[in-house]
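**Student:** Compute the structure for the input listed below.
(one chain, ligands or ions: 2)
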Amino acid sequence: MKLAVVEGDGIGKEVIPAAVEILDAFEMDIEKVPVELGYGKWERTGSAITDEDIETLKECDCVLFGAVTTPPDPNYKSVLLTIRKELDMYANIRPIRPLPSVKGIHERNDFNFIIVRENTEGLYSGIEEIGDEVSTTKRVITRKGAKRIADYACKLANNRMKKLTIVHKSNVMKSDKLFLDVCRETATDTGIVHRDELVDSFAYNLITSPWNYDVIVTTNLFGDILSDMSGALVGGLGLLPSANIGDKYAFFEPVHGSAPDIAGQNKANPLATILSLKMLLEWHGDIAEAAILEEAIDSALNMGICTPDLGGKYTTSEVGNIIAKYIRTRL
Ligand code: ATP
Ligand code: MG
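**Tutor:** Ligands and ions are numbered 1, 2, ... in the order given. Have a look, this model is predicted:
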């Protein structure tokens with residue numbers, strides 16, 4: 001496997017090395033290709049991501065990505081939006097599952113759901129007109145875009161509890177009617193039990209009764225917000241992994257951003273990135289390695305080995321180090 005490794009900015013420079021140390025512990029046949037992207041590169045060179053960078057990413061089988069800072073500068077083109085579009089990774093998969101010894105906001109921990117977020121259109125279309133008096137962003141829903149994310153979500157649901165929730169706001173935004181209709185049709189055609197909920201009441205229902213959900217499919221911005229919110233269910237933003245999947249490429253990154261407030265202090269929680277690495281291994285078919293990694297994470301957490309956000313006293317690199325060590329003993 002040829003793997004592009006992008007640290008990016010802020011805590012990306014800390015959580016990625018921790019995950020790479022763990023990957024190295026498996027001694028697999030992987031060629032790692034470091035790629036520099038992000039705000040730091042923009043400040044240094046005037047460009048956050050170049051055409052050559054995109055080519056390098058495309059030459060790899062998949063990408064392990066930390067985080068990049070996106071400044072609110074209208075001239076700055078978002079690195080993540082560029083990559084998702086160029087590599088056409090339309091499905092953003094965000095599993096939300098409690099970890100051992102980590103408390104979220106509920107006593108109950110019998111929930112395990114996945115947010116399937118459309119990743120290329122919706123309000124993140126990038127079609128904008130910015131003015132002093134009026135600024136607009138165009139929300140784009142296409143049949144093709146809705147269909148492929150609905151197919152992905154139904155396939156996933158078919159391998160799980162065959163239960164799909166379609167989240168939308170079609171009563172106010174008529175563009176969502178197309179999304180809803182296509183998702184409903186696809187679910188009906190594939191024999192998936194489905195229901196739909198309006199995003200506002202859904203947010204309440206998800207945070208109060210997460211055990212009622214299995215696979216959730218929604219548009220770009222809603223998926224973004226709902227998944228950050230779901231961090232509260234499992235104990236924090238530092239615990240949420242994600243995969244961006246297209247027909248050709250795959251890209252794995254923590255849900256959190258570059259967290260400039262804690263960057264450079266070696267205290268960021270690397271588990272979101274390490275769990276993203278686990279998704280990468282599963283995607284690549286390295287099921288045994290993924291299982292050992294899960295065991296290693298669980299063991300670390302059960303021994304109280306965690307960063308300050310989870311109440312622990314360990315640094316980012318120590319957590320990576322201890323998990324890597326555990327893996328070496330298991331091989
Ligand atoms: P960005 O613009 O890059 O998204 P942000 O300011 O939105 O940056 P996030 O990374 O989204 O920052 O983080 C939001 C909050 O959650 C911050 O207070 C941050 O410290 C915390 N946080 C995020 N990731 C982690 C992590 N891995 N470990 C500990 N705390 C984290
Ligand atoms: Mg953020």
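**Student:** tell me which residues in stretch 299-316 are buried?
**Tutor:** Residues of stretch 299-316 classed as buried: 300-301, 305-307, 309-310, 312, 314-316 (neighbour count, 16 or more other Cβ atoms under 10 Å). Quick note: C-beta positions are derived from backbone N, CA and C, even for glycine.
**Student:** Just the ones of those residues in strands?
**Tutor:** Per DSSP state E, strands hold no members of those.
**Student:** from those, which ones fall inside helices?
**Tutor:** Cross-referencing these against helices under DSSP state H gives 300-301, 316.
**Student:** Point me to the residue of the chain nearest ligand 1.
**Tutor:** Closest residue of the chain to ligand 1, Cβ to the nearest ligand atom: G257 (1.9 Å).
**Student:** what's the burial count for that residue?
**Tutor:** Residues lying near G257 (other Cβ atoms under 10 Å) number 20.
**Student:** Next: the one 5 residues further on.
**Tutor:** The local packing count at I262 equals 19, with neighbours defined by other Cβ under 10 Å.
**Student:** Now it: closest residue in space, sequence neighbours ignored.
**Tutor:** Leaving aside its sequence neighbours, I262 sits nearest to A268 (Cβ to Cβ, 6 or more residues apart in numbering; 5.8 Å).
**Student:** Quick check, that neighbour in contact with E14.
**Tutor:** Yes: applying Cβ atoms under 8 Å as the test, A268 and E14 come out as touching, 5.2 Å apart.
**Student:** Those two: which has the busier surroundings?
**Tutor:** Neighbour count, other Cβ under 10 Å: between A268 and E14, A268 has more, with 31 against 26.
**Student:** That one in helix, strand or coil?
**Tutor:** coil (DSSP: H, G, I helix; E, B strand; the rest coil).
**Student:** Could you tell me which residues within the worst-scoring helix or strand of the chain on mean pLDDT count as buried?
**Tutor:** Between all helices and strands in the chain, the lowest mean by mean pLDDT, DSSP states H and E belongs to helix 79-86, at a mean of 89. Neighbour-count burial for helix 79-86 flags 79-80, 82-86 (criterion: 16+ other Cβ under 10 Å).
**Student:** what about dumping the CA coordinates of whatever helix or strand comes next after it to PDB?
**Tutor:** Next helix or strand after helix 79-86 toward the C-terminus (DSSP states H and E): strand 91-96. As requested, the backbone C-alpha atoms of strand 91-96 are provided in PDB (Å, rounded to 0.1, in the frame of the first residue of the first chain):
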ATOM      1  CA  ALA A  91     -19.100   9.700   1.500                       C
ATOM      2  CA  ASN A  92     -18.000  10.900   4.800                       C
ATOM      3  CA  ILE A  93     -18.400   8.100   7.400                       C
ATOM      4  CA  ARG A  94     -18.400   9.000  11.000                       C
ATOM      5  CA  PRO A  95     -19.000   6.100  13.500                       C
ATOM      6  CA  ILE A  96     -20.000   7.100  17.000                       C
END
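**Student:** For stretch 222-240, buried residues please.
**Tutor:** For stretch 222-240, a neighbour-count test (16+ other Cβ under 10 Å) marks 222-224, 226-227, 230-231, 233-240 as buried.
**Student:** can you tell if it touches ligand 1?
**Tutor:** Yes: with Cβ under 6 Å from any ligand atom as the measure, stretch 222-240 is seen reaching ligand 1 through 237-238.
**Student:** Kindly report the same for stretch 122-130.
**Tutor:** No: Stretch 122-130 does not reach ligand 1 (Cβ under 6 Å from any ligand atom); its nearest approach is 14.0 Å.
**Student:** how about the helices in the stretch 151-300 of the chain?
**Tutor:** 175-190, 199-208, 220-234, 271-283, 287-302 (DSSP state H, counting those that start in this stretch).
**Student:** how about the residues of the stretch 51-200 of the chain near ligand 1?
**Tutor:** Going by Cβ under 6 Å from any ligand atom, the residues of the stretch 51-200 of the chain near ligand 1 are 67, 69-70.
**Student:** Looking at those, which are in strands?
**Tutor:** A67.
**Student:** and the residues of the stretch 51-200 of the chain next to ligand 1 as TSV, adding neighbour count and pLDDT?
**Tutor:** Shown next, in TSV, are those (neighbours: other Cβ atoms under 10 Å; pLDDT from 0 to 100):
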residue	neighbour count	pLDDT
A67	31	98
T69	21	95
T70	19	90
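**Student:** and the residue nearest to the spatial centre of the chain, what does it touch?
**Tutor:** By Cα atoms, centre = their mean, the chain has its centre lying nearest to S242, at 2.4 Å. Contact partners of S242, counting by Cβ atoms under 8 Å, 6 or more residues apart in numbering, are 92-94, 227, 252-255, 276, 279.
**Student:** got CSV for the residues you listed, with distance to R330 and pLDDT too?
**Tutor:** Formatted as CSV, the contacts of S242 follow (distance: Cβ to Cβ, whole Å; pLDDT from 0 to 100):
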residue, distance to R330, pLDDT
N92, 31, 96
I93, 27, 96
R94, 28, 96
S227, 31, 93
F252, 22, 98
E253, 26, 97
P254, 24, 97
V255, 27, 94
S276, 20, 98
M279, 19, 98
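**Student:** of those, buried ones?
**Tutor:** Applying 16+ other Cβ under 10 Å to the contacts of S242 flags 92-94, 227, 252-255, 276, 279 as buried.
**Student:** Sounds good, over and out.
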